[in-house]
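Novice: Sequence and predicted structure below; questions after.
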Amino acid sequence: MKFTNKQILVVGLAKTGVASARFLAAHGALVTATDMRDESSLAGVLTELDGFGIRFVLGRHDETDFTGADLIVVSPGVPMDHPLLVAAQSAGVEIISEVELAARFIDAPFAAITGTNGKTTTTTILGAIFKHNGYLTFVGGNIGDPLIELAESHQIWDQVVAEISSFQLEWITTFRPTVAALLNLSEDHLDRYPDYQAYINAKLRIFENQTEDDFAVVNRDDPLVWQHAQHLKAELFPFSRKIELEQGIFFKDGVITYRHNGQEECFPTAAIRLQGVHNLENIMAAMACALLLGCRPDETFETVLCFEALHHRMEFVREVNGVRYFEDSKATNVGSVEKALESFTDITLIAGGKDKGGTYAPLAPLVKERVRHLILIGEAAERMELELGSLTDTCHAASLEDAVRRAADITSAGGTVLLSPACSSFDMFRDYEERALRFITVVKGL
């Protein structure tokens, strides 16, 4: 792509927008960057982009910037149905995401991970595997550094590993991973999408430009994933913790087995530090991607054995009076909470927060079977009680601190107190990390 003297609009000055604006300006584009936040809110960003000749439109958007652009690069936080993006489309302006922009400048093999849950853990494991195998590996996308920074670095990379969200896939046109993984699908972001199918369709775009020379790593145990995987062009490579596979990677009797084109490798799981059924799936997906892209089996499994949980994902905090406390603040949707509940019995569950529009009904069987006490917080508490409250002992707490103290009072020795909210944090906290740290602080003070 040639950018010299092209009028390019960057919409949104979060991390990817800043990186995109800098990259485009350095390549000779006439960049306008627009954000609804004002100059004082973006002081740090303006300092970072000083000297690049970028024109800023802040605290508002101007329609002429959208309809008069040669190209628009959209940040993930901006919805596709934004009226000015619709107007630009009608005017024939090309609109792309930062991921699409970066992909046009990346020559290295690409492993891309998406799904409702487990993306960050799987991406991080896969990046670590490649590095342990001796590959110079860039890990980024929806975590860490934006992909455009890879293109900006002018360094030759052996391998690219990226977590990709549904938002980042909305404006792709040529993005084509050598290996793409879809970990699972459950209702999420229904405050962004008109319905569940629209969210699923966005996720499936990760496979859109693949050919029969590429690989699609998919969850055989997830009915929706498996249903949609039947129509993909790439070579299908399933993973399963329930079914023995002739071709794929699966778990059976304490062993992970990888089978591909007559090759079979077996990996006993007893010494794996990363606990939880969801992490078994994440591990298999990461191993599949790595082995399909040429990693050696021994080094691959060595990495898995040494890997420990990421912060705020089923993280053990401490044990008090025989009760174990786990923090799973990153569980902001029903699917991730299902996996958490499958990992324990005799649970006191602290849940709730800002409602994301989906149903909590899929949690009902596990709540009935495994949750002894349900403590609800935040805006979603009333609706969660309507859907789940009759299944177990249920109460409301005025704050997260109050919820932890109540949990300590009512949970017997041998039980588990689990913060796994099924909601976003924005009604009470800055983000899920602040929610996690507040929980950890209270638990450590018990």
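Specialist: In hand now; what should we look at?
Novice: how about the nearest residue to the residue nearest the centre of the chain, chain neighbours excluded?
Specialist: Note on the chain: the residue nearest the mean C-alpha position is Lys119, at 4.3 Å, using Cα atoms, centre = their mean. In space, and not counting its chain neighbours, Lys119 is closest to Glu163: 4.6 Å by Cβ to Cβ, 6 or more residues apart in numbering. In this view, the C-beta of every residue, glycine as well, is placed from N, C-alpha and C.
Novice: which residues does the one you found bridge with?
Specialist: Ile113, Gly141 (DSSP bridges).
Novice: does it really touch Thr123, like I thought?
Specialist: Yes: using Cβ atoms under 8 Å, Glu163 makes contact with Thr123 at a distance of 4.1 Å.
Novice: per the record, what domains does this protein have?
Specialist: Following automatic domain parsing, one gets these domains for the chain: 7-92, 101-306, 315-444.
Novice: Arrange those domains in JSON lines, one row each, with distance to Met1 and mean pLDDT as further columns.
Specialist: Below are the domains of the chain laid out as JSON lines (distance: least, Cβ to Cβ, whole Å; pLDDT from 0 to 100):
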{"stretch": "domain 7-92", "distance to Met1": "8", "mean pLDDT": "96"}
{"stretch": "domain 101-306", "distance to Met1": "6", "mean pLDDT": "94"}
{"stretch": "domain 315-444", "distance to Met1": "34", "mean pLDDT": "94"}
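Novice: all strands for the stretch 201-350 of the chain, in order.
Specialist: Remark: strands assigned in the stretch 201-350 of the chain by DSSP state E, counting those that start in this stretch are 215-219, 235-240, 248-252, 255-260, 263-268, 315-320, 323-327, 347-352.
Novice: by contact count, what packs against the fourth one?
Specialist: If I follow you right, that is strand 255-260. When contacts are defined as 3 or more Cβ pairs under 8 Å, 6 or more residues apart in numbering; DSSP states H and E, strand 255-260 packs onto strand 248-252, strand 263-268, helix 277-292.
Novice: got it, and the second one?
Specialist: If contacts are counted by 3+ Cβ pairs under 8 Å, 6+ apart, strand 235-240 sits against strand 215-219, helix 223-229, strand 248-252, helix 277-292.
Novice: now swap in the third one and tell me
Specialist: When contacts are defined as 3+ Cβ pairs under 8 Å, 6+ apart, strand 248-252 packs onto strand 235-240, strand 255-260, helix 277-292.
Novice: and the angle for the first one with strand 255-260?
Specialist: So that's strand 235-240. Per axes from the mean of the first three to the mean of the last three Cα atoms, to 10 degrees, the angle that strand 235-240 makes with strand 255-260 is 170 degrees.
Novice: What are the contacting residues of strand 235-240?
Specialist: 212, 214-221, 226, 229, 245, 247-251, 260, 281, 284-285, 288, 292 (Cβ atoms under 8 Å, 6 or more residues apart in numbering).
Novice: Check the offset of stretch 279-296 from the chain's centre.
Specialist: Averaged C-alpha coordinates place stretch 279-296 at 17 Å from its chain's average position (Cα atoms, centre = their mean, to the nearest Å).
Novice: In it, which residues are buried?
Specialist: Burial within stretch 279-296, assessed by neighbour count using 16 or more other Cβ atoms under 10 Å, is assigned to 279-293, 295.
Novice: picking up where we left off before, could you dump the helices and strands packed on strand 235-240 into TSV and include distance to Ala361?
Specialist: Formatted as TSV, the helices and strands packed on strand 235-240 follow (distance: least, Cβ to Cβ, whole Å):
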stretch	distance to Ala361
strand 215-219	21
helix 223-229	16
strand 248-252	28
helix 277-292	20
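Novice: neighbours around Ile272, how many?
Specialist: Using other Cβ atoms under 10 Å, the number of residues around Ile272 comes to 17.
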